[in-house]
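Asks: Here is a sequence together with a model predicted from it:
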Amino acid sequence: MRSNTVWDPSRQPDPWTAGGSSWLDPDEPPPFEVVNPLGTANALLVCDHASNRIPRRLGDLGLSSSQLSEHIAWDPGAAAVARGLAARLDATLILGGYSRLVIDLNRPLESPELIPTRSDGIEVPGNQDLDPLARAARIAALFQPYHQAIARRLDAHPQPSPRLLSLHSFTPVLAGQRRPWPIGLAHGRDPRLARRLRRTLVPQGDWLVGDNQPYAVEDAHDFTLPTHGEGRGIPHLMIEIRQDGLLTAASIAAWVERLALAYEGLGEG
Ligand SMILES: [Zn+2]
């Protein structure tokens, strides 16, 4: 367990005193969205890379609309699966409200990828040479509120040891390499929930289920599960679905149903 990274909202700078209140315009969406806040499932779903929205004050970050529609800006399809699963399981879901190109909600604050200057070979002009104040404003306006919302929800969860499920999607090809897994289950030092869900997921279809593929959960690159899952000692895992399996409403609904059946197969224990 990481001893120094448990997220304590009371020890974070107040986003409002750091300029957060005026950083987003009043008519812009909030930094996070809570779906089904009264959900009864003993689980919290989170979706770090749900949105490709850029705050108005940052324009388009110097990127084209087609670049902003691609995976460098968000996880296409992930939010739809997360919303479907939240409804199907009657679980609460928290989604990030803005693009990971503005600030990546799943990177440690010290990571060079927190506010990427390049992503998948594409330079992000609006992220070059940011001064400390500009970085602090993004952290205060977007990163802290999202993670405070997760922490508050877990603090207030009515049942002990809620399961934390983090939903992502990944590109079918990276650096010329075809990724063979339609779905991957990832974990850090605690593999227990990932292993259990693998056993209940495999019978839903004859797939190659990635085991810490295409990504593992690592302290250097991940924030959400190391902090809110491992940091609290609650069951947690990351679910990654390949984006070519999320291109239609029907295929998204099929993944929701498979994951729901697999989750229900875990039982209550
Ligand atoms: Zn992601």
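Replies: Cool, got the structure.
Asks: Name all residues that make contact with the residue positioned nearest the centre of the chain.
Replies: Nearest residue to the geometric centre of the chain (Cα atoms, centre = their mean): residue 48, 2.3 Å. Taking Cβ atoms under 8 Å, 6 or more residues apart in numbering as the criterion, residue 48 is in contact with 75, 96, 100, 104-106, 146, 166, 168, 224. C-beta coordinates here come from the backbone N, C-alpha and C atoms, glycine included.
Asks: secondary structure class for the residue of the stretch 151-269 of the chain found nearest the ion?
Replies: Closest residue of the stretch 151-269 of the chain to the ion, Cβ to the ion: residue 168 (3.4 Å). What DSSP: H, G, I helix; E, B strand; the rest coil gives for residue 168 is strand.
Asks: The ion contacts on the stretch 101-250 of the chain?
Replies: By the rule Cβ under 5 Å from the ion, the part of the stretch 101-250 of the chain lying against the ion is residue 168.
Asks: Where does pLDDT dip in the stretch 101-250 of the chain?
Replies: Judged against pLDDT under 70, the stretch 101-250 of the chain has no low-scoring part.
Asks: all helices for it, in order.
Replies: Under the criterion DSSP state H, counting those that start in this stretch, the stretch 101-250 of the chain carries helices at the ranges 132-138, 144-155, 192-201, 224, 249-265.
Asks: tell me the most buried of those?
Replies: Across those, averaging neighbours per residue (mean count of other Cβ atoms under 10 Å) puts helix 224 on top, at a mean of 25.
Asks: from the stretch 1-150 of the chain, which residue is nearest to the ion?
Replies: Across the stretch 1-150 of the chain, the shortest distance to the ion (Cβ to the ion) belongs to residue 49, at 3.7 Å.
Asks: I'd say that residue and residue 74 touch.
Replies: Yes: with contact defined as Cβ atoms under 8 Å, residue 49 reaches residue 74; the gap is 5.1 Å.
Asks: related to what we said a few turns ago, which of the helices or strands spans the residue of the stretch 1-150 of the chain closest to the ion?
Replies: Using DSSP states H and E, residue 49 sits within no helix or strand.
Asks: Contact partners for it?
Replies: Per Cβ under 8 Å, 6+ apart, neighbours of residue 49: 74-75, 78, 96, 100, 104-106, 168-169.
Asks: Then residue 30?
Replies: 24, 97, 145.
Asks: Mind pulling up the pLDDT for it?
Replies: pLDDT for residue 30: 96.
Asks: Can you lay out the contacts of residue 49 as a markdown table showing neighbour count?
Replies: Output for the contacts of residue 49, formatted as a markdown table (neighbours: other Cβ atoms under 10 Å):
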| residue | neighbour count |
| --- | --- |
| 74 | 24 |
| 75 | 27 |
| 78 | 26 |
| 96 | 31 |
| 100 | 25 |
| 104 | 21 |
| 105 | 25 |
| 106 | 24 |
| 168 | 24 |
| 169 | 26 |
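Asks: Any idea what residue 46 is bridged to?
Replies: For residue 46, the beta-bridge partners are residue 94, residue 166 (DSSP bridges).
Asks: Residue 227 is in contact with that one, correct?
Replies: No: between residue 46 and residue 227 there is no contact under Cβ under 8 Å: 11.1 Å.
Asks: that older thread, I'd say the residue of the stretch 151-269 of the chain closest to the ion and residue 239 touch.
Replies: Yes: assessed by Cβ under 8 Å, residue 168 is found in contact with residue 239 at 7.0 Å.
Asks: Please tell me how far the closest residue to the residue of the stretch 1-150 of the chain closest to the ion other than its chain neighbours sits from residue 243.
Replies: Nearest-residue entry for residue 49: residue 75, 3.9 Å, with adjacent residues in sequence omitted and distances by Cβ to Cβ, 6 or more residues apart in numbering. Here the criterion is Cβ to Cβ, to the nearest Å. By it, residue 75 lies 8 Å from residue 243.
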